[in-house]
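Q: what's the 3D shape of this:
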Amino acid sequence: MVVSARNLRSLRKCQQSNCQNETRELINHFSTAMPIVSRPKWELRLTNHTIRALIRSGRLEDARNMFDKLKQRDIITWNSMIMGYTQRLEVVTAQNLFDQMPERDVVTWNLMISCYMSSRRTEYIEYARYLFDQMPRRDVISWNTMISGYAKIGQIDEALRLFYCMPEKNVVSWNAAISGLLQNGDVKAGIELFKRMPERDAASFSVLVSGLVQNGKLDAAANVLYDFQTSGDTIIDLVYAYNTLIVGYGQKGMIKEARCLFDQIPCYTSKGRSFGRNIVSWNSMIMCYVKAGYIKSARKLFDRMVEKDTVSWNTMISAYVHTSNMKEASKLLTKMPNPDIFSWNLIVSGYAQGGNLGLAYKYFQRIPKKTCVSWNSIIAGCEKNADYEGAIRLFVQMQLERVKPDKHTLSSLLGVCAESIDLHLGMQIHQLVAKSVLPDVPLNNSLITMYAKCGAIVEARSIFDKMKFHKDVISWNAMIGGSGGRRPFPVQIHGLRIWY
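A: Numbering: from 1, shown residues only. Reported below is the predicted structural model:
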């Protein structure tokens, strides 16, 4: 294969324009056709780009195969592979490559330290510190990685000690220290450090506001934004910080404060720079209204949106579904440009839980690509509305389409067996539970209820006893209730077969 600088430009162009299919074709072409011989420097550059592209596309094994076949590698080649394993937190493999490297630069050391710190395991944190102390030369990234790592695991004293020892700090260093203080609940020290910053960026305000919100200091966060907005200082994009505080107010039910903040989000346009309310701002405020039950206010804001995304549509559809206004929910689904699986599942679940199984099944049939959640929605609706035969038929169809059931599917089916007193089918579902999922408390409760209502008290007691200390009030009630002497409700599905 003849490789030229033109190939390198083609690969870069595809990556920059996010042309995934074209990038994948080029990667496949280069990784399979490239001769494994000593390469000139420009050809090694192409190899490095290909390896990095493979890693970015999630094909780490292919990148490693290509790496292992190379007769010529440079430090970028090695660093690329270590970065790939670091992103996957494959610490041992990354360390092995690190140990094999003929030479290392500061990027190599930083990658390995980051890998250790990201694992958050005590022994690896110690290894990270050992490497940090052994580094022949450190840069600001080395220090910031250690500070951030210590802060995230709660060792804020060690993080601050390194912060104050730094020969040179940048805004990221300050942000990491402030974030660490706030994560560990020291609000006063976090605010004081923020005030001492020689310079701030948008991330500084986002870190402070987010930390204050997490600590329940919403008014303090609002004051930070208000003081900066009225100070006339350098223009900084604070939209992310505003959005964070809006969500915080919404979680506390402080809807008036959230709306006031939403209306105050600054808008700025000058010299090629612009920022203001973005789609996240609108979605956050709409979600605040929805959670508080102010559906009309949410809809007014939704209708004012110039640009809506999938989250916007699904938030409003969900609001109508949860208030049983399926007419408006289905209207929005019809208007929605590109409904996703979550949109369809909301409508199916809404109609099914509301007792309109006909419309639920109609929309279920229209879903382009059904997921397990789609099947669960319609099956659970059948169970709730006593359409036991319909639930079992849907389960048979689900198996025919080779969709693997989950705990929710099996729990609904056990409910069907319990209500229809079908012990034989219930035992088949139990075998499927044992082979396909790890039972949790709710699923075990469903099994106990099924066996108890079907009169199989010995089997119910066996499951009850195995739960040991994980029983809840439902577990006890199911056992105490027993079978109740109910007569079976016949459910006959000819040719029923359950695949395990």
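
Q: Which parts of stretch 420-438 count as buried, going by neighbours?
A: Across stretch 420-438, burial judged by 16 or more other Cβ atoms under 10 Å covers 420-423, 425-430, 432-433, 437. The way it works is simple: take the backbone N, C-alpha and C, and place the C-beta from them, glycine included.

Q: which residues make contact with the one helix or strand D133 maps to from outside it?
A: Using DSSP states H and E, D133 maps to helix 122-134. For helix 122-134, the surrounding residues in contact (Cβ atoms under 8 Å, 6 or more residues apart in numbering) are 91, 109, 112-113, 116-117, 119, 138, 142, 146, 149-150, 153.

Q: Next secondary structure after it?
A: helix 140-152.

Q: returning to what we had before: so what's the gap between the helix holding D133 and the chain middle?
A: Centroid displacement of helix 122-134 relative to its chain, using Cα atoms, centre = their mean, to the nearest Å, is 29 Å.

Q: continuing past the helix or strand hosting T47, what's the next helix or strand?
A: Assigned by DSSP H and E, T47 belongs to helix 41-56. From helix 41-56 onward toward the C-terminus, using DSSP H and E, the following helix or strand is helix 60-69.

Q: returning to that earlier point: the helix holding T47 packs against which elements?
A: Helix 41-56 sits against helix 5-16, helix 20-33, helix 60-69, helix 75-87, with contacts defined as 3 or more Cβ pairs under 8 Å, 6 or more residues apart in numbering; DSSP states H and E.

Q: which one among the contacts of helix 122-134 gets closest to M81?
A: Nearest to M81 among the contacts of helix 122-134 is M112, at 11.9 Å by Cβ to Cβ.

Q: Quickly note the distance from the closest residue to that closest one other than its chain neighbours to D105.
A: Leaving aside its chain neighbours, M112 sits nearest to F98 (5.0 Å; criterion: Cβ to Cβ, 6 or more residues apart in numbering). Remark: distance between F98 and D105 (Cβ to Cβ, to the nearest Å) = 12 Å.

Q: the more surrounded of these two?
A: The neighbour count for F98 versus D105, taken as other Cβ atoms under 10 Å, is higher for F98 (20 against 14).

Q: pretty sure that one contacts S114?
A: No - checked against Cβ atoms under 8 Å, the pair F98 and S114 is beyond contact range at 11.8 Å.

Q: mind listing what's buried in the helix holding T47?
A: 43-55.

Q: Return the angle between stretch directions for that helix and helix 75-87.
A: 0 degrees (axes from the mean of the first three to the mean of the last three Cα atoms, to 10 degrees).

Q: tell me the mean pLDDT over helix 41-56?
A: Throughout helix 41-56, pLDDT has a mean value of 85.

Q: pLDDT below threshold where in the stretch 201-350 of the chain?
A: Scanning the stretch 201-350 of the chain for pLDDT under 70 picks out 232-233, 270-271.

Q: And the helices in it, which stretches?
A: 202-214, 218-231, 239-251, 255-264, 279-292, 295-304, 310-322, 326-335, 341-353 (DSSP state H, counting those that start in this stretch).

Q: what's the third one in contact with?
A: Applying Cβ under 8 Å, 6+ apart, the contact partners of helix 239-251 are 202, 205-206, 208-210, 213, 218, 221-222, 225, 255, 257-258, 261-262, 264-265, 275-278, 280-281, 284-285, 287-288, 291-292.

Q: ok, the residue nearest to I255 when sequence neighbours are not counted - contacts?
A: Using Cβ to Cβ, 6+ apart and skipping the chain neighbours, the partner closest in space to I255 is A292 (5.0 Å). By Cβ under 8 Å, 6+ apart, the residues touching A292 are G250, G253, I255.

Q: Return the residues in contact with the last one.
A: The reference is to I255. Y249, C288, Y289, A292, Y294.

Q: Tabulate those residues (CSV), appending distance to D68.
A: As requested, those are exported to CSV (distance: Cβ to Cβ, whole Å):
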residue, distance to D68
Y249, 54
C288, 53
Y289, 56
A292, 58
Y294, 60
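
Q: Could I have the buried ones of those residues as PyMOL selection syntax?
A: Buried residues among those (16+ other Cβ under 10 Å), as a PyMOL selection:
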select buried, resi 249+288+289+294
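
Q: quick one: which of the contacts of I255 is nearest to P442?
A: For these, the nearest to P442 is A292 (29.0 Å; Cβ to Cβ).

Q: Report the buried residues of the helix holding D133.
A: Y124, I125, Y127, A128, R129, L131, F132.

Q: how close does Q155 get to P337?
A: 49 Å.

Q: higher neighbour count, these two?
A: Each of Q155 and P337 has its neighbours counted (other Cβ under 10 Å); Q155 has more, 15 against 8.

Q: can you redo the buried residues of helix 122-134 as a markdown table with distance to E328?
A: Below are the buried residues of helix 122-134 laid out as a markdown table (distance: Cβ to Cβ, whole Å):
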| residue | distance to E328 |
| --- | --- |
| Y124 | 53 |
| I125 | 53 |
| Y127 | 57 |
| A128 | 54 |
| R129 | 58 |
| L131 | 59 |
| F132 | 58 |
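
Q: Domain parsing of this structure, as residue ranges.
A: Domain assignment for the chain, taken from automatic domain parsing, gives 200-307, 308-385, 399-500.

Q: would TSV of the ones you listed with distance to P167 be doable?
A: Output for those, formatted as TSV (distance: least, Cβ to Cβ, whole Å):
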stretch	distance to P167
domain 200-307	21
domain 308-385	44
domain 399-500	52
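
Q: among the ones you listed, which is nearest R64?
A: The nearest among the domains of the chain, by Cβ to Cβ, is domain 399-500 at 30.6 Å.

Q: just to revisit the earlier point, give the single residue among the buried residues of stretch 420-438 positioned nearest to V171.
A: V171 lies nearest to V437 out of the buried residues of stretch 420-438, by Cβ to Cβ, at 48.1 Å.

Q: Is that closest one in contact with L410, as I believe?
A: Yes - V437 sits in contact with L410 when judged by Cβ under 8 Å, with a separation of 6.7 Å.

Q: intersection of neighbour lists for those two?
A: L443.

Q: Show residues contacting stretch 401-408.
A: 370-372, 375-376, 380, 395, 398-399, 413, 432, 436-437, 439-440, 442-443.

Q: try it again with 10 Å
A: 370-377, 379-380, 395, 397-399, 409, 411-413, 429, 432-433, 436-440, 442-443, 446, 498-499 (Cβ atoms under 10 Å, 6 or more residues apart in numbering).

Q: which of the residues you listed count as buried?
A: By 16+ other Cβ under 10 Å, the contacts of stretch 401-408 give 370, 373-377, 379-380, 395, 398-399, 409, 411-413, 429, 432-433, 437, 439, 443, 446 as buried.

Q: Okay, and which of these map to helices?
A: 373-377, 379-380, 395, 398-399, 409, 411-413, 429, 432-433, 443, 446 (DSSP state H).

Q: so where's the stretch 51-200 of the chain shaky on pLDDT?
A: Looking at the stretch 51-200 of the chain by pLDDT under 70, you get an empty list.

Q: picking that back up, what about the residue nearest to I255, distance to A159?
A: Counting by Cβ to Cβ, the gap from A292 to A159 is 38 Å.

Q: likewise S374?
A: 46 Å.

Q: got it, and E126?
A: In terms of Cβ to Cβ, E126 sits 15 Å off from A159.
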